[in-house]
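Engineer: show me how the following folds:
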Amino acid sequence: MGVDDIALSIAIGGVDYTGMVRVGSLNVLDELNGPATAAFDLADRQSSATPAIGRPIIIKHGEYTLFAGQVDKFSKVRVKGTTMHDWHVQCVDFSCILGRRTYTGTIPAGTTLRSAVATILSAALAGEGFTMAGVDTGPKLPKLQFQRLPVSDCFNEISRLTRYKWWVNDAKDIQFKDRSAEAAPWALTSLEQLTSYTYQRERSQYRNVQRILGTKVTANKATTVQWTADGKRRTFYLQQAKVVSGTAYDEIASASLLTVPGEDGLPMTELIGTPGTPTNEWEYSVGGNYISQVPDETTKPAGAVITLTYIGRIRIEGVYPSIDKWGTDAEIQERKSYEGGTGIYEAVEVDESIDNAGTAREKAKAIRDLHGHIPTILEFDTFRSGLRAGQMLTVQLPNYPMERDQFLIDSVQMQDTAALDEVFKLRYTVRCVASEVPKWQGYFAALLRAREAPKEEAWDEYQSAVYSPQDVLRVSDHLFIGRRAYSDADVEKGALVAPGTRSFPGNTVLGAGTDSAAKLIELFFDITWPPSTIGFCEVS
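Structural biologist: Purely as a prediction, here's the structure:
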C-alpha cells in the first residue's frame, strides 16, 4: 500500500463519520505543549449527523492517531432546495479541559515532576477522567507557587523549567516525557521524502542573560540613613543617603522615625507618614524610594542632617550567568564576535511566587538553557505519515551538514489536499527545531575536555578520575567504549592490563535506572592509572 492509500477514519461519539467528510476539508494542527485542533466539513445527505458540542472525536490515519478530543464548535447550513445539510465542525483535543480548570497551591522545592503532576491532578482534575500512567518521574523541581492558574499553564511552566514535553493521548492519559524519549517513526535522510524544504535560523526568543524578579521581601530589621540638606531640596532619595546602620534597601516598607536638628542643635522628631495624614510634616509611599516634605513645610537649611529610620523592602532577583561571568560566557562572547558591542541579550521575567534568590537563579538558568542558543529551524512538507509534535526527528541530509542531527518537532499541520475526484490525501507540514542536546560524540568529547589537566609528577602521583554526569544520553547509532590501563610494572613499555569494553546498540537511553551515564563513566574512568582512552565506533 502506498503512502497516499492509507485509510483515514473519523469517529464522533463512537459513530463513524468518515463517509460524510468532504474531501479536501480536513485540517489538523498539532503543536507542542498546546491544544491540538481539527476542522472538517460534513456533507450530510440524509440529515442524520449529530456532532453535539463536547462529544469525543477520534481521527486516525492508518495506525496513527492524528487527533483525539472533543467537538468544540459547529455550524449547520441547509442546502437550498434539498433536505441535505452542510456542516463545518471544529474540534479541540482533550487538553482543553486542562485549560478550563484552575489550580492554586505550592509545589515544594525538591518535588519530582511526577509528584507535582499528581498533586495538581488530584486537586484540580478529580472527576474529569484523566490518568497519569504516562508521566515520567522526571527531575526535581524548584519551589513553585500557582494562584488560580489554568492547569495547562501550570504544566507549561513545569515543561519550560524541565524541558519535558506534555500532551494528553486518546485515552485521556496525561503524558509527561523527556524531549528525547520519543523518536519519530522515520528519519529524514533525503529530500526525495519531501515536497518542500526550508532551513532557517532566527533569534526572536534568544537571550544569553536571563533575570528573574521574584516577590518583594520586607526586612526584619530597621535601617537608619542620613542626608545633608543643601537648602534647596525637598525630596531625598534612598540611593543618595548615607547608611548609618543596617542594610540599604531599594524601597521603603514603613518609616518609624525621622529627626532633624532643632534650634538647640539637638535631634528633633518630625512626623512622617503616608500621603493623606493631615499632621504629616514628611511623606513617603509604601514601595517608594524617597521621602519628601509636605508643601507647607519650610525647606530645611543647608547643612541640616536629616535622619530616617525605616523598614526596607527589596525584590528578590536571580540572574544567570552571574555578572562576573559575562566577560567569559561563550554565548555572550560569540555574539560579541559577530555583532560587536557587548554581545549581551538580556531578558527579564517576573515571578511573584519566588521568595528566595537561589530559586530565582535556578529558574533563570533553566530559561537561559532553553533559549540561550540561536536555534536551527527546519520546515518541510511531506506526504509520509507518522510525525507528530514532541517527537525527536533524526535529520541526516548529505548536502546540508549541521552541528546537530536531532530535531524536536514542535508543530505538525495535517491537511487533506485531495481533489474532489480523489480519496483523502494528507500533506504534513512540519516545523522542527534543532535539539539543544548534542550528539553522543560531543557529549563524551565535552567530558574529556573538562578532565583535569595531567600532572607532571611521577606516574604514581596520578589520582583516580571519576565522572558523574547527571545528564541523560541517547545513543543515536551504536556506541562502543574501550578502556586501556597501563601496568605499574611496565609503564615505560606501555603494557596494557585490565582492558574494559562495553557496547550499546542504537536507541539505548543512558541515564535512567541502573544503566546510567554516571555509572557508565565510573566504569571506564574510575581507575588507578589515568592514561585511559575512550573510543567511539559507529556500526552500520
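
Engineer: end to end on stretch 343-353, go ahead and measure it.
Structural biologist: Stretch 343-353 stretches 31 Å from its first residue to its last (Cα to Cα, to the nearest Å).

Engineer: and that stretch, average pLDDT?
Structural biologist: In this model, stretch 343-353 carries a mean pLDDT of 91.

Engineer: swap in stretch 154-164?
Structural biologist: Here the average pLDDT along stretch 154-164 is 90.

Engineer: repeat for stretch 75-85
Structural biologist: 85.

Engineer: and it, what's buried?
Structural biologist: Residues residue 85 are the ones in stretch 75-85 that count as buried (16 or more other Cβ atoms under 10 Å). Heads up, the C-betas are built off the backbone N, CA and C, glycines and all.

Engineer: show me the contacts for residue 168.
Structural biologist: Applying Cβ atoms under 8 Å, 6 or more residues apart in numbering, we find residue 168 in contact with 68, 93-95, 98, 130, 174-175.

Engineer: what pairs with the helix or strand hosting residue 309, parallel or antiparallel?
Structural biologist: Per DSSP states H and E, residue 309 falls inside strand 305-320. In the sheet, strand 305-320 lines up against strand 209-228 (antiparallel), strand 251-261 (antiparallel) (DSSP bridges).

Engineer: give me the phi and psi for residue 157.
Structural biologist: phi -70, psi -40 (degrees, to the nearest 10).

Engineer: residue 209 reaches residue 342, doesn't it?
Structural biologist: No: assessed by Cβ atoms under 8 Å, residue 209 is found out of contact with residue 342, at 9.9 Å.

Engineer: count the neighbours of the nearest residue in space to residue 84 that is not next to it in sequence for me.
Structural biologist: Leaving aside its sequence neighbours, residue 84 sits nearest to residue 45 (Cβ to Cβ, 6 or more residues apart in numbering; 5.0 Å). Close neighbours of residue 45, defined as other Cβ atoms under 10 Å, add up to 14.

Engineer: thinking again about what came up before, nearest to residue 331, of the strands paired with strand 305-320?
Structural biologist: strand 209-228 (9.0 Å; Cβ to Cβ).

Engineer: could you identify the helix or strand that succeeds the closest one?
Structural biologist: Next along from strand 209-228, by DSSP H and E: strand 235-237.

Engineer: for that following strand, buried residues please.
Structural biologist: Quick answer for strand 235-237 (16+ other Cβ under 10 Å): residue 236.

Engineer: then stretch 99-114?
Structural biologist: 101-103, 107, 111, 113.

Engineer: farthest pair within the contacts of residue 168?
Structural biologist: 68 and 98 (14.0 Å).

Engineer: more neighbours: which of these two?
Structural biologist: Counted by other Cβ under 10 Å, residue 68 and residue 98 do not tie: residue 98 has more neighbours, with 27 against 21.

Engineer: distance of the more buried one relative to residue 140?
Structural biologist: 23 Å (Cβ to Cβ, to the nearest Å).

Engineer: ditto for residue 116
Structural biologist: Distance from residue 116 to residue 140, by Cβ to Cβ: 9 Å.

Engineer: more crowded one of the two?
Structural biologist: Remark: of residue 116 and residue 140, residue 116 carries more neighbours, 23 against 13, as counted by other Cβ under 10 Å.

Engineer: residue 224: how many residues sit nearby?
Structural biologist: 17.

Engineer: in this structure, which residue is most central in space?
Structural biologist: Centroid-nearest residue in the chain: residue 160, 2.0 Å away (criterion: Cα atoms, centre = their mean).

Engineer: what's next to the helix or strand containing that residue, contact-wise?
Structural biologist: Assigned by DSSP H and E, residue 160 belongs to helix 151-162. With contacts defined as Cβ under 8 Å, 6+ apart, helix 151-162 is touched by 33, 35, 95, 98-99, 101-103, 113, 116-117, 120, 124-125, 138-139, 141-142, 144, 146, 164-166, 176, 363, 366-367, 370.

Engineer: confirm residue 121 sits in a helix?
Structural biologist: Yes: assignment of residue 121 by DSSP: H, G, I helix; E, B strand; the rest coil places it within a helix.

Engineer: I figured it hits residue 129, correct?
Structural biologist: No: contact criterion Cβ under 8 Å: residue 121 and residue 129 do not qualify, at 11.1 Å.

Engineer: the two: which has the busier surroundings?
Structural biologist: Neighbour tally, residue 121 and residue 129, criterion other Cβ under 10 Å: the higher count belongs to residue 121, 19 against 11.

Engineer: how close does the more buried one get to residue 133?
Structural biologist: Counting by Cβ to Cβ - residue 121 and residue 133 are separated by 12 Å.

Engineer: likewise for residue 92?
Structural biologist: 23 Å.

Engineer: who's more crowded, these two?
Structural biologist: Neighbour totals were compared for residue 92 and residue 133, and residue 92 leads with 19 against 9 (other Cβ under 10 Å).

Engineer: ok, residue 188 - contacts?
Structural biologist: 194, 380, 393-397.

Engineer: repeat that for 6 Å
Structural biologist: residue 395 (Cβ atoms under 6 Å, 6 or more residues apart in numbering).

Engineer: beta partners for it?
Structural biologist: Under the criterion used (DSSP bridges), residue 188 bridges to residue 395.

Engineer: now it: how far from residue 392?
Structural biologist: Counting by Cβ to Cβ, the gap from residue 188 to residue 392 is 12 Å.

Engineer: what of residue 77?
Structural biologist: 43 Å.

Engineer: kindly report the same for residue 226.
Structural biologist: 62 Å.

Engineer: between the two, point out the one with more neighbours.
Structural biologist: residue 392 (21 against 14).

Engineer: domain-wise, how is this protein divided?
Structural biologist: Split into domains by automatic domain parsing, the chain comes to 97-169, 191-205+374-434, 207-372, 440-525.

Engineer: of those domains, which is nearest residue 64?
Structural biologist: domain 191-205+374-434 (5.5 Å).

Engineer: gap between the two ends of that closest one?
Structural biologist: 18 Å.

Engineer: state the mean pLDDT of it.
Structural biologist: 87.

Engineer: same question, stretch 252-267
Structural biologist: 91.

Engineer: numbering from 49 from now on, please.
Structural biologist: From this message on, residue numbering opens at 49, which makes the last subject stretch 300-315.

Engineer: may I have that stretch exported as PDB, CA atoms only?
Structural biologist: Taking Å, rounded to 0.1, in the frame of the first residue of the first chain, the C-alpha atoms of stretch 300-315 are listed here in PDB:
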ATOM      1  CA  ILE A 300      10.500  51.800  51.900                       C
ATOM      2  CA  ALA A 301       8.000  49.400  53.500                       C
ATOM      3  CA  SER A 302       7.400  51.600  56.600                       C
ATOM      4  CA  ALA A 303       9.000  54.600  58.200                       C
ATOM      5  CA  SER A 304       9.200  54.700  62.000                       C
ATOM      6  CA  LEU A 305      11.300  57.800  62.900                       C
ATOM      7  CA  LEU A 306      12.600  61.000  61.300                       C
ATOM      8  CA  THR A 307      14.700  63.600  63.000                       C
ATOM      9  CA  VAL A 308      16.100  67.000  62.100                       C
ATOM     10  CA  PRO A 309      18.300  69.400  64.100                       C
ATOM     11  CA  GLY A 310      16.200  71.600  66.400                       C
ATOM     12  CA  GLU A 311      17.100  75.200  67.300                       C
ATOM     13  CA  ASP A 312      19.400  73.900  70.000                       C
ATOM     14  CA  GLY A 313      21.200  71.700  67.500                       C
ATOM     15  CA  LEU A 314      19.800  68.500  69.100                       C
ATOM     16  CA  PRO A 315      17.800  66.000  67.000                       C
END
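
Engineer: and that stretch, how far from the chain's centre?
Structural biologist: Using Cα atoms, centre = their mean, to the nearest Å, the mean C-alpha position of stretch 300-315 is found 50 Å from that of the whole chain.
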